[in-house]
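Participant: Predicted model and sequence follow; I will ask about them next.
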Amino acid sequence: MITARGLSKTYRLGGAEVQAVRSVSLSIARGEHVALTGASGSGKSTLMHVLGCLDTPTRGEYWLNGAEVGRLSRDARAGVRNAHIGFVFQNFNLLPRLSALENVQLPLGYGRRLGGKAARAAAIAALERVGLADRMRHRPAELSGGQRQRVAIARALVTQPSLLLADEPTGSLDSATGRDILALLTELNAAGLTILLVTHDAAVAATAHRVLLMADGRLLE
Ligand code: ADP
Ligand code: MG
C-alpha cells in the first residue's frame with residue numbers, strides 16, 4: 001500500500017534549517033497494523049504528515065496505492081486524502097458547534113448539503129461501528145474524552161479509507177480510556193483496515209504488529 005524511498009523533509013525557519021525527516025525508506029502492506037515510535041522531536045509527526053499527503057517531502061519518492069503522490073499539488077493531495085486516508089489526532093479536532101453526527105458527516109458534506117440522506121446513513125453506520133450510536137445528537141462538550149475520540153475515529157472511517165493514520169490518539173486520554181481506544185483500533189485492523197499508529201509511548205506501540213523506531217529524523221528499525 002505504501003512505499004517510501006529516501007523521504008526527507010527539511011523545514012526552513014528564517015535562516016535556519018531543521019532536518020525533521022532524513023532519508024526514510026519503508027513499506028507498509030495492506031492489512032498491516034504498524035506503529036511509528038520514537039522520542040519527542042524525532043520526526044514522527046512530520047513523517048506522518050508526508051505519508052498522509054498533508055505535506056510534501058523535500059526529497060524522495062512516495063507511492064500510495066500504486067501512484068506516486070509525493071509531488072502532487074495541494075488540490076491533488078486533498079483528493080488523495082479524501083479517497084484513501086482517514087486521520088485521527090491527539091486532540092480530536094471536532095467542531096464544537098456540531099453534533100457528533102454532523103461532525104462525522106462533515107467529510108461527506110463538503111460542497112454538498114450536509115443533510116444528504118446517504119451521507120447521514122453512512123455517518124450513523126460509522127458511529128455504530130465505534131459504539132456511539134446512542135450519542136449522535138451530543139456536541140463534543142457533552143461527551144467524554146474517549147467518546148470524542150470515538151467520534152473522531154467515526155469521522156475518519158466515514159469515507160471508507162484504505163489507510164488510517166493516528167497521531168498520538170491516546171495522548172489526551174487517561175490510561176484506561178486509552179486502552180479502549182487502542183482495542184477499537186485493533187478491532188478495526190482485524191476487520192481489514194490498514195493502520196499506522198504514531199506514538200512516543202512504547203506500551204501503545206506494542207499494540208501494533210510491527211514497530212518502526214525513529215531517532216533524529218532517521219528510521220532505525
Ligand atoms: P515528533 O512528532 O516525533 O515529536 P516532529 O515531526 O513534530 O516530531 O518534529 C521533528 C522536528 O522538526 C523537531 O525538531 C521540530 O521542532 C521540527 N518541526 C516540526 N514541525 C516544524 C515546522 N512546521 N517548522 C519547523 N520545524 C518543525
Ligand atoms: Mg508528534
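Facilitator: Noted; the coordinates are in hand. Numbers count the residues shown, from 1 in each chain. Ligands and ions are numbered 1, 2, ... in the order given.
Participant: Tell me which other helices or strands the worst-scoring helix or strand of the chain on mean pLDDT touches.
Facilitator: Across the helices and strands of the chain, mean confidence by mean pLDDT, DSSP states H and E is lowest for helix 100-109: a mean of 92. Helix 100-109 sits against helix 117-129, helix 145-157, with contacts defined as 3 or more Cβ pairs under 8 Å, 6 or more residues apart in numbering; DSSP states H and E. C-beta: built from backbone N, CA, C; applies to glycine.
Participant: I would like the residues contacting it, please.
Facilitator: 82, 94-95, 98, 114, 116, 118-120, 122-124, 126-127, 132, 135-140, 143, 151-152, 154-155, 158-159 (Cβ atoms under 8 Å, 6 or more residues apart in numbering).
Participant: again with stretch 178-190
Facilitator: Identification of contacts with stretch 178-190 by Cβ under 8 Å, 6+ apart yields 31, 33, 129-131, 146, 149-150, 153, 157, 164, 166, 169-170, 173, 195, 197, 204, 207.
Participant: What of stretch 196-206?
Facilitator: So stretch 196-206 is contacted by 2, 28, 33-40, 44-45, 48, 51, 163-171, 178, 182, 185, 207-208, 211 (Cβ under 8 Å, 6+ apart).
Participant: could you redo the last one with a cut-off of 6 Å?
Facilitator: Contacts to stretch 196-206, defined as Cβ atoms under 6 Å, 6 or more residues apart in numbering, come from residues 34-37, 40, 44, 48, 165-168, 170, 208, 211.
Participant: can you give me the mean pLDDT across stretch 127-141?
Facilitator: Mean pLDDT, stretch 127-141: 96.
Participant: what does this structure put close to ligand 2?
Facilitator: Proximity of the chain to ligand 2, by Cβ under 5 Å from the ion, involves residues 44-45.
Participant: Now do the buried residues in the helix or strand harbouring Met214.
Facilitator: Using DSSP states H and E, Met214 sits in strand 210-215. Under the neighbour-count criterion of 16 or more other Cβ atoms under 10 Å, strand 210-215 has 211-214 buried.
Participant: about what we covered before: which of the contacts of stretch 178-190 are buried?
Facilitator: 33, 129-130, 146, 149-150, 153, 157, 164, 166, 169-170, 173, 195, 197, 204, 207.
Participant: what comes up buried for stretch 138-156?
Facilitator: 138-140, 143, 145-156.
Participant: still on that earlier bit, the least confident helix or strand of the chain vs helix 117-129, what angle?
Facilitator: Relative orientation of helix 100-109 and helix 117-129, computed by axes from the mean of the first three to the mean of the last three Cα atoms, to 10 degrees: 130 degrees.
Participant: to the chain's geometric centre, what's the distance from helix 100-109?
Facilitator: Centroid displacement of helix 100-109 relative to its chain, using Cα atoms, centre = their mean, to the nearest Å, is 17 Å.
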